[in-house]
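Novice: Curious how this folds, go ahead:
(one chain, ligands or ions: 2)
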Amino acid sequence: MFCYVIRKKKTMKFLIYLVVFVLLFNGLTANRVENSLVQKYCNQSSQYGERHFYKFCIASLEENVESRKARNVDDLTLIGTNNALSNLTNVKRIVEKILNERKYKSKLSKKLLQNCLKLYSEGYEALTSALKYIKMHDLLKLSFRLKKAKEAASICEMGFNGDNQQISPVMKENEVLFDVINIPYMFNFNRHR
Ligand SMILES: *[C@@H]1O[C@H](CO)[C@@H](O)[C@H](O)[C@H]1NC(C)=O
Ligand SMILES: *[C@@H]1O[C@H](CO)[C@@H](O)[C@H](O)[C@H]1NC(C)=O
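Specialist: Numbers count the residues shown, from 1 in each chain. Ligands and ions are numbered 1, 2, ... in the order given. Predicted structure coming up:
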């Protein structure tokens, strides 16, 4: 009787080890699949982008836990576009704060920042339609929308040029935003190239 109880305990322990091992192993392989998918498409896209793009692309996608579940380039394009939406919303908030707190350096800077807000709103709409076009598999319209969203960042930045002596308070943010939107844009671009 005593021996039986011990054996049962040992069997239980073994089963628990087994379950833990299986869970751990599954987690590891799932991660490896995710990484190779992200790496594959970031690599493909960085061939035409700038050199820093590859690392940035991987870091940005892996920041989002959703990419662990991504099965294909559609999923990654969707995740990239959602990342872009949240990034754009954050940059928009930063600019709103500067305007509300009157932290701008000049009247002209204020005007330029107000124009940026308008561009971000248009960019937001473009990204929202982009989500729709991913689901509809309309790659051409998707490309057009993502391009428009990227332009929100670059046109906002162009307002602050050397000629008018204005310095953008969100230069870094706009640069990063452009790259974040460039991720789904390049993923999509490579599909119908
Ligand atoms: C990208 O893929 C190519 C092959 O298509 C490979 O030669 C290259 O080393 C890869 N680059 C990176 C940064 O992984
Ligand atoms: C935008 O996304 C990048 C990369 O995912 C991140 O490093 C950066 O902090 C984000 N910026 C804002 C303002 O959310």
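Novice: Give me the below-cutoff pLDDT ranges for this protein.
Specialist: For the chain, the stretches flagged by pLDDT under 70 are 1-35, 49, 192-193.
Novice: can you rerun that using 90?
Specialist: In the predicted model of the chain, residues 1-36, 47-52, 68, 161-165, 190-193 satisfy pLDDT under 90.
Novice: So which bits of it are right by ligand 2?
Specialist: Within reach of ligand 2 by CB under 6 Å from any ligand atom, the chain has these residues: 60, 63, 83, 87, 90-91, 173, 176, 180. (Each C-beta comes from the backbone N, C-alpha and C, glycine too.)
Novice: Now, the residues you listed that are in helices?
Specialist: Among the residues of the chain next to ligand 2, the ones falling in helices (DSSP state H) are 60, 63, 83, 87, 90-91, 173, 176, 180.
Novice: Y48: what secondary structure?
Specialist: Using DSSP: H, G, I helix; E, B strand; the rest coil, the structure places Y48 in coil.
Novice: Repeat that for K118.
Specialist: K118 ends up helix, using three-state DSSP.
Novice: what do you get for the one 10 residues further on?
Specialist: Reducing the assignment to helix, strand or coil with three-state DSSP, the entry for T128 is helix.
Novice: now it, nearest residue through space, not along the chain?
Specialist: Closest residue to T128 in three dimensions, ignoring its sequence neighbours and counting by CB to CB, 6 or more residues apart in numbering: L85, at 7.4 Å.
Novice: contacting residues for that neighbour?
Specialist: By CB atoms under 8 Å, 6 or more residues apart in numbering, L85 lies in contact with 124, 127-128, 131.
Novice: Highest neighbour count among those?
Specialist: L127 (24 neighbours; other CB atoms under 10 Å).
Novice: Show me the two of the contacts of L85 that sit farthest apart.
Specialist: By the measure CB to CB, Y124 and L131 form the most distant pair in these, at 11.2 Å.
Novice: re the thing from before, mark which of the ones in helices among the residues of the chain next to ligand 2 are buried, thanks.
Specialist: Neighbour counting by 16 or more other CB atoms under 10 Å classes 60, 83, 87, 91, 173, 176, 180 among these as buried.
Novice: Who are the contact partners of the residue most central in space within the chain?
Specialist: Central residue of the chain (CA atoms, centre = their mean): N83, 3.3 Å from the mean position. By CB under 8 Å, 6+ apart, the contact list for N83 reads 60-61, 63-64, 180, 183.
Novice: Great, nothing more from me.
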